[in-house]
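Chemist: For reference, the sequence and a predicted model appear below.
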Amino acid sequence: MSGTYGTQVIESVAVRRRRLREAWLFGAERAKNTLNEQTGRVLASVMIGALACAGCAGVAYFKSAQAKEKQPTPSSSTTGPVNPSPTK
């Protein structure tokens, strides 16, 4: 029996919070407009995903640009690859 009462209290608090939130957001026309709570979460998730993708692409671009700058340019005085062999 106590579990039922606890469940009722939790549900009534959730309903009260939803009504207060809708009253604050929509004012007197809260019966006409309802807020879909999942819409905000979906938009936030899409924005976070887009930022993560942009960040990864930016890091990859800058790393490849730095790697290109560090590559030695071939000079015309050498005729081939120089492989020094240690003398024994």
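Modeler: Structure's in. What do you need?
Chemist: alpha carbons only for contacts and neighbour counts from here, please
Modeler: Noted.
Chemist: Which helix or strand contains residue 72?
Modeler: Secondary structure from DSSP states H and E places residue 72 outside every helix and strand.
Chemist: Just give me the neighbour total for it.
Modeler: By other C-alpha atoms under 10 Å, the residues close to residue 72 number 7.
Chemist: Could you do residue 25 as well?
Modeler: 14.
Chemist: Mind checking what helix or strand follows the helix or strand hosting it in sequence?
Modeler: According to DSSP H and E, residue 25 maps onto helix 2-26. Heading C-terminal from helix 2-26, the first helix or strand you meet, by DSSP H and E, is helix 37-70.
Chemist: what helices or strands is that following helix leaning on?
Modeler: Here helix 37-70 touches no other helix or strand, going by 3 or more C-alpha pairs under 8 Å, 6 or more residues apart in numbering; DSSP states H and E.
Chemist: quick one, that helix and helix 2-26 angle?
Modeler: Helix 37-70 and helix 2-26 are oriented at 70 degrees to each other (axes from the mean of the first three to the mean of the last three C-alpha atoms, to 10 degrees).
Chemist: Give me the buried stretch members for helix 37-70, please.
Modeler: For helix 37-70, the neighbour count (16 or more other C-alpha atoms under 10 Å) marks no residue as buried.
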